[in-house]
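> What would the 3D arrangement of this be:
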Amino acid sequence: MSRLSLAPYALALCTPMLLAADLPDGPGRAELDQLCAKCHEIERSVSKKQDRAGWQATITKMQAMGTKGTDAQFAAVLEYLVKNYPADEIPLLDINKATAIQMESRLALKRSQAAAIIAWRKEHGKIASFDDLKQIPGLDIAHLEERKDRIKF
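Okay, the predicted model is just below:
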């Protein structure tokens with residue numbers, strides 16, 4: 001076999017090392033390589049970026065699928081992922097400009113509740129505060145209270 005015909009094999013062997021080299025160094029990196037790289041491409045896995053709950057759910061899913069490791073290893077991987085691959089920050093939803101579908105998806109409102117907010121805006125004008133939202137009939141205020149950190153006025 002010539003050197004040229006061996007090139008694709010050499011590249012295939014080096015690709016995992018090249019991909020791993022792109023990961024930031026730090027605590028938990030070795031554990032990530034040890035637990036995760038055996039089954040799938042790490043770069044693809046970390047590209048989706050998640051918050052702590054999302055990464056924990058992913059780790060729990062991998063454990064359920066048979067990934068073996070200690071609690072300390074999984075904890076180190078979780079901390080590494082949370083630090084180096086956090087979820088992208090989602091901008092606040094302007095309640096005075098949002099469409100019904102935006103309110104339904106970002107605030108998990110029912111269609112009727114999103115429609116009530118839009119109708120209120122048309123009739124009464126700008127919603128200036130969370131107290132204004134409390135004036136709108138048909139809204140589940142407790143539900144909105146849990147999501148008020150996602151809203152701007």
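> Across the sheet, point out what pairs with the most centrally placed residue in the chain.
Centre of the chain computed as the mean C-alpha position; nearest residue by CA atoms, centre = their mean is residue 50, 3.1 Å away. Counting by DSSP bridges, residue 50 is bridged to residue 86.
> looking at it, it is touching residue 85, isn't it?
Yes: with contact defined as CB atoms under 8 Å, residue 50 counts as touching residue 85 (7.2 Å). (Glycine included, C-beta is placed from N, CA and C.)
> what residues do the two have in common as contacts?
Residues touching both residue 50 and residue 85 by CB atoms under 8 Å, 6 or more residues apart in numbering: none at all.
> Put the alpha carbons of the host helix or strand of residue 57 into PDB.
In the assignment (DSSP states H and E), residue 57 maps to helix 52-64. Written as PDB, here are the backbone C-alpha positions of helix 52-64 (Å, rounded to 0.1, in the frame of the first residue of the first chain):
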ATOM      1  CA  ARG A  52     -28.000  22.800  34.300                       C
ATOM      2  CA  ALA A  53     -31.300  21.000  34.200                       C
ATOM      3  CA  GLY A  54     -30.900  20.100  30.600                       C
ATOM      4  CA  TRP A  55     -27.400  18.800  31.000                       C
ATOM      5  CA  GLN A  56     -28.500  16.800  34.100                       C
ATOM      6  CA  ALA A  57     -31.400  15.300  32.000                       C
ATOM      7  CA  THR A  58     -28.900  14.300  29.300                       C
ATOM      8  CA  ILE A  59     -26.600  12.700  31.800                       C
ATOM      9  CA  THR A  60     -29.500  10.800  33.400                       C
ATOM     10  CA  LYS A  61     -30.600   9.600  29.900                       C
ATOM     11  CA  MET A  62     -27.000   8.400  29.100                       C
ATOM     12  CA  GLN A  63     -26.900   6.500  32.500                       C
ATOM     13  CA  ALA A  64     -30.200   4.900  31.600                       C
END
